[in-house]
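Novice: A predicted structure for the sequence below; I have some questions about it.
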Amino acid sequence: MDILGATLRICVDDLDRAVPFYERLAGQEALRFERGGVRVAAVGCFLLMSGPEAELEVLRNIAATIAVKDVAEAHRVLTELGARIVAGPVATPGGRNLIAMHPDGTVYEYADRNP
């Protein structure tokens, strides 16, 4: 499985107020989208999220998003290594993802950019 990088997940109260700081910090514009009532801005290695507290509480349980070359391969490797697949793989606005709990109890999102 090729791990390409990781994204830090940050829950914020006011997405519009937070984005300019992270755009200047990362030196790039945010890619914005909405998913399940949560407004999201991806800026460099940061994933800013704002929305209903009930939705954010679930998202806070995911330690990080790990970019991989292929989610199907990640699914296979993670399962072989004893991780529990919590959700997915499913299509997302940018590719596919899955949520996995590692044997130590830490939960990660794995995402690719494949159609």
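Specialist: Yep, that arrived.

Novice: next one: phi and psi at the residue located most distally from the centre of the chain?
Specialist: Distance from the C-alpha centroid of the chain peaks at Glu80, with 22.1 Å (C-alpha atoms, centre = their mean). The phi and psi values for Glu80, taken as degrees, to the nearest 10, are phi -60, psi -30.

Novice: confidence score at it?
Specialist: In this model, Glu80 is scored at 97, pLDDT.

Novice: show me what contacts it?
Specialist: By C-beta atoms under 8 Å, 6 or more residues apart in numbering, no residues touch Glu80. No exception for glycine: its C-beta is placed from N, CA and C like everyone else's.

Novice: Can you tell me the element the spatially most central residue of the chain falls in?
Specialist: Nearest to the geometric centre of the chain sits Thr65, at 3.9 Å (C-alpha atoms, centre = their mean). Per DSSP states H and E, Thr65 falls inside strand 62-68.

Novice: For Thr7, which residues count as its bridge partners?
Specialist: Taking DSSP bridges, one obtains Thr65 as the residues bridged to Thr7.

Novice: hmm, back to that, what residues sit buried inside the strand holding Thr65?
Specialist: The neighbour-count check on strand 62-68 (16 or more other C-beta atoms under 10 Å) flags 62, 65-68 as buried.

Novice: Of those residues, which is the nearest to Leu48?
Specialist: Thr65 (12.1 Å; C-beta to C-beta).

Novice: hmm, back to that, any idea how far the strand holding Thr65 is from the chain center?
Specialist: 5 Å (C-alpha atoms, centre = their mean, to the nearest Å).

Novice: now swap in stretch 73-82 and tell me
Specialist: Centre-to-centre, stretch 73-82 and its host chain are 18 Å apart (C-alpha atoms, centre = their mean).

Novice: The chain should start at 36 in everything you say after this.
Specialist: New numbering, starting at 36: the last item is stretch 108-117.

Novice: which residues of the chain score low on pLDDT?
Specialist: 150 (pLDDT under 70).

Novice: contact partners of whatever helix or strand Val75 lives in?
Specialist: Element membership of Val75, judged by DSSP H and E, is strand 73-78. With C-beta under 8 Å, 6+ apart as the test, strand 73-78 has contacts from 42, 50, 53-54, 57-58, 60-61, 63-69, 82-87, 90-91, 94.
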